[in-house]
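1. Below is the sequence, then the predicted model.
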2 protein chains.
Amino acid sequence: MSATTREQRIIGVVGATRAKRARFRDERITMAHGAGGKASQSLIEGLLLPPLANDALERLGDAGELSLHGVGLALTTDSFVVTPIRFPGGSIGELAVNGTVNDLAVSGARPLALTLSLVLEEGLAAADLRAEIEAIAQAAETAGVRVIAGDTKVVERGQADQMYACTTGLGELDPRARLAASALAPGDRILVSGPVGEHGMAVMLARGQFALEADISSDTRSLWPAADALLGAAGSALHCMRDATRGGVASALNELARASGVAALVREADVPVAPVVAAAAELLGIDPMYVANEGKLVAVVASGRAEAALQALRALPGCEQAAEIGEILPEPTGMVLVDTAFGGRRVMDLLAGDPLPRIC
Amino acid sequence: MSATTREQRIIGVVGATRAKRARFRDERITMAHGAGGKASQSLIEGLLLPPLANDALERLGDAGELSLHGVGLALTTDSFVVTPIRFPGGSIGELAVNGTVNDLAVSGARPLALTLSLVLEEGLAAADLRAEIEAIAQAAETAGVRVIAGDTKVVERGQADQMYACTTGLGELDPRARLAASALAPGDRILVSGPVGEHGMAVMLARGQFALEADISSDTRSLWPAADALLGAAGSALHCMRDATRGGVASALNELARASGVAALVREADVPVAPVVAAAAELLGIDPMYVANEGKLVAVVASGRAEAALQALRALPGCEQAAEIGEILPEPTGMVLVDTAFGGRRVMDLLAGDPLPRIC
């Protein structure tokens, strides 16, 4: 069954923000638990983390870290269940490479190697599988990583929507990196590496459920060049990076504000959004700030190095439209505020519901 | 849909063995491509490997290897789609830990860390998920590894049979290890670390599709203690190890014989099989040598160290019934032969079909 009957509009915003760990009170898993918002947070913090508790996991970063004979390593994993498996600008194979490479990159780790584990649906056309393997090989080559181990399982027809892919990435922590979700400080500036919302909107439109056609392509790409440039330009003044995937820039900022006990203030007018994405999002009633990206990062930089960091980003192909979109405030702690284009200020909380399931 | 309507008996044995890389000629993926036999081999060698080709993958080991600042690392990944998710002696969570730990162990790598990526079915009971997370935590603690990164996706009801789990393991290559699938030499002895066929038979019976009840439990456990003991007792005389999962001991030996250009001769009477497993297998018409294990390894050791290696194994809890089951012959190259209990000799080829889908 496709996800397309289950799309929901954004289901309101819950104002209160908790600093303590979320509890899990649901009796059953729902689609919202996979959406990257409040329900995901409660699943992770309330059910998944406690039995597995250890320092690396508790940091809730995009990658776990470990040190071996003085070498800092980062390890990250992601399953990809996007439907459809191909969409303008990309496919599940490219996502599976870039998504994992990017989790390493924003953790300040140079990507070294990937593993690839496939769950294939009985009846999948060999040509479709071949196309994805070639997309994986191409994306890996572009990102400068090798796929060094793999696994394949097959499940019965009707399961796994053609294919799911799980990639895990190993990276070497860059010695310049001093990154932590808890390192944001008042006065820091918030950067994004380019226009937001393209990936999620491209996948939504590719499902064909809306009577809407628009020329929107996924932004899937490796973010290591952007991370590398930011580390070079800002060094230890680069306080944190996040790739703005599930839940978009809004969810990434909420996580960081909460982890650092600060507030984030976004100037809506400064957020780059392609006009066609803005138009499609408005028609669908979805805020582009909540829409997934697969080739955009959010960086928080001490004010003194923010301009240098922004210029370093803009010098990179694909990051020409990087922008400073806001700053860190001391309070209200754990919250993200938006100065709207109309002059108002509102809260931009984690979503309670699930506007865009299975976009990665 | 459950796998249980699609079980097949062993579909004969194809005698010819090819030394060259298998081609992929099918138009669609079938359950057989996930079974670990001939169809899996053609999928891997004919479709998956060529676009991704690199040294680490080409070795077709249980883990990919890389060197970083003089430290040898191993990385391995596996998706687990077993149905049902709980069965006597184990569950998908334990399998997901031990299966990946064991791929590292038989690669001669001490397990350091795991990642865990879950695909959950909408509607999954929270209690079932909690039980699996606790099983994962317990198995990881027993195996001495930490889960340092994770991911969760949710898919619609009817997909993913409650849950799939993908684990990836990072290990440090043990300096004593000189292991290669191509290192088998005539005269080497073949060891197994205990009775075979328990895991696959336990899962089959747990499905309840056969009017057969038997007290058979999965053998899921970490094999690092066994690998460590073998490395200590045999050093460089330990030529290769394999965990005998999908496709069982028969498939593991076929892969090794083919990779080394030698033959393997198994003395059927010397293969340890629990009486209850042998009885159930006979009733079902399945050869236990093809049935998956999740806590048994095959080791090939130069003859001079074989007895020491066997004694080292037998000293370990859970490996008391380790046995020498055969030896390596110069030819017929790439083939596995069995001296049967009745005095005959037959070929034990890779399976063409799929007797036991989704047992891991």
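-> Received it, and whenever you're ready, just let me know what you need.

2. would you list every one of the strands in the stretch 1-150 of chain A?
-> Using DSSP state E, counting those that start in this stretch, the strands of the stretch 1-150 of chain A run over A:64-68, A:71-80, A:86-87, A:90-91, A:109-121, A:146-155.

3. okay, those in TSV with distance to A:A185 next?
-> Placement of C-beta: from N, CA and C, glycine included. Formatted as TSV, these follow (distance: least, CB to CB, whole Å):
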stretch	distance to A:A185
strand A:64-68	22
strand A:71-80	23
strand A:86-87	39
strand A:90-91	36
strand A:109-121	23
strand A:146-155	38
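
4. Tabulate those (CSV), appending distance to chain B and mean pLDDT.
-> Converted to CSV, the strands of the stretch 1-150 of chain A look like this (distance: least, CB to the nearest CB, whole Å; pLDDT from 0 to 100):
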stretch, distance to chain B, mean pLDDT
strand A:64-68, 3, 94
strand A:71-80, 4, 97
strand A:86-87, 17, 97
strand A:90-91, 14, 97
strand A:109-121, 4, 97
strand A:146-155, 3, 96
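
5. Of all those strands, which one is nearest B:C360?
-> With CB to CB as the measure, strand A:146-155 is the member of the strands of the stretch 1-150 of chain A nearest B:C360 (8.2 Å).

6. Does A:A280 belong to a helix, a strand or coil?
-> Assigned by DSSP: H, G, I helix; E, B strand; the rest coil, the conformation of A:A280 is helix.

7. Looks like it contacts A:A214 (just checking).
-> Yes: with contact defined as CB atoms under 8 Å, A:A280 reaches A:A214; the gap is 4.8 Å.

8. Spell out which parts of the stretch 251-360 of chain A neighbour chain B.
-> Applying CB under 8 Å from any CB of the partner chain, we find that the stretch 251-360 of chain A lies next to chain B at A:P357, A:R358.

9. List the contacts of the residue lying closest to A:S303 once chain neighbours are set aside.
-> Among residues not flanking A:S303 along the chain, A:G187 sits closest, at 5.1 Å (CB to CB, 6 or more residues apart in numbering or on different chains). Applying CB atoms under 8 Å, 6 or more residues apart in numbering or on different chains to A:G187 gives the contacts A:A302, A:S303, A:E327, A:I328.

10. tell me the phi and psi of A:G187?
-> Note on A:G187: its backbone torsions stand at phi 100, psi -20 [degrees, to the nearest 10].

11. just A:L253 next, same as before
-> Per degrees, to the nearest 10, the backbone of A:L253 is at phi -70, psi -40.

12. what separates it from A:A105, distance-wise?
-> A:L253 sits 18 Å away from A:A105, going by CB to CB, to the nearest Å.

13. Look up the pLDDT of the closest residue to chain B within the stretch 251-360 of chain A for me, please.
-> Of all residues in the stretch 251-360 of chain A, A:R358 sits closest to chain B, at 7.0 Å by CB to the nearest CB. Here the pLDDT value assigned to A:R358 is 89.

14. How about A:S218?
-> 97.

15. for it, what are its contacts?
-> By CB under 8 Å, 6+ apart, the residues touching A:S218 are A:F87, A:P88, A:G89, A:G90, A:E94, A:L95, A:E198, A:H199, A:A202, A:V203, A:E294, A:G295.

16. In this structure the fifth one contacts A:I136, no?
-> Yes: contact criterion CB under 8 Å: A:E94 and A:I136 qualify, at 7.4 Å.

17. quick one: secondary structure of the most centrally placed residue in chain A?
-> Computing the C-alpha centroid of chain A and ranking residues by CA atoms, centre = their mean puts A:T245 first, at 2.1 Å. Under the three-state scheme (three-state DSSP), A:T245 adopts coil.

18. Low-confidence bits of chain A, can you list those?
-> A:1-19, A:60, A:354-355 (pLDDT under 70).

19. go with 90
-> Chain A contains residues with pLDDT under 90 at A:1-23, A:34-38, A:41, A:53-63, A:208-214, A:284, A:341-342, A:351-359.

20. roughly how far out does the helix or strand hosting A:G171 sit from the chain middle?
-> Assessed by DSSP states H and E, A:G171 sits inside strand A:163-173. Relative to its chain's centre, strand A:163-173 lies at 14 Å (CA atoms, centre = their mean, to the nearest Å).

21. is that strand anywhere near chain B?
-> Yes: against chain B, strand A:163-173 shows contacts by CB under 8 Å from any CB at A:Y164, A:C166, A:T168, A:L170, A:E172.

22. Turn the strands of the stretch 1-150 of chain A into JSON lines, columns for mean neighbour count and distance to B:A63.
-> Listed next are those as JSON lines, based on neighbours: other CB atoms under 10 Å in any protein chain shown; distance: least, CB to CB, whole Å:
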{"stretch": "strand A:64-68", "mean neighbour count": "18", "distance to B:A63": "16"}
{"stretch": "strand A:71-80", "mean neighbour count": "25", "distance to B:A63": "14"}
{"stretch": "strand A:86-87", "mean neighbour count": "20", "distance to B:A63": "31"}
{"stretch": "strand A:90-91", "mean neighbour count": "24", "distance to B:A63": "27"}
{"stretch": "strand A:109-121", "mean neighbour count": "25", "distance to B:A63": "9"}
{"stretch": "strand A:146-155", "mean neighbour count": "25", "distance to B:A63": "6"}
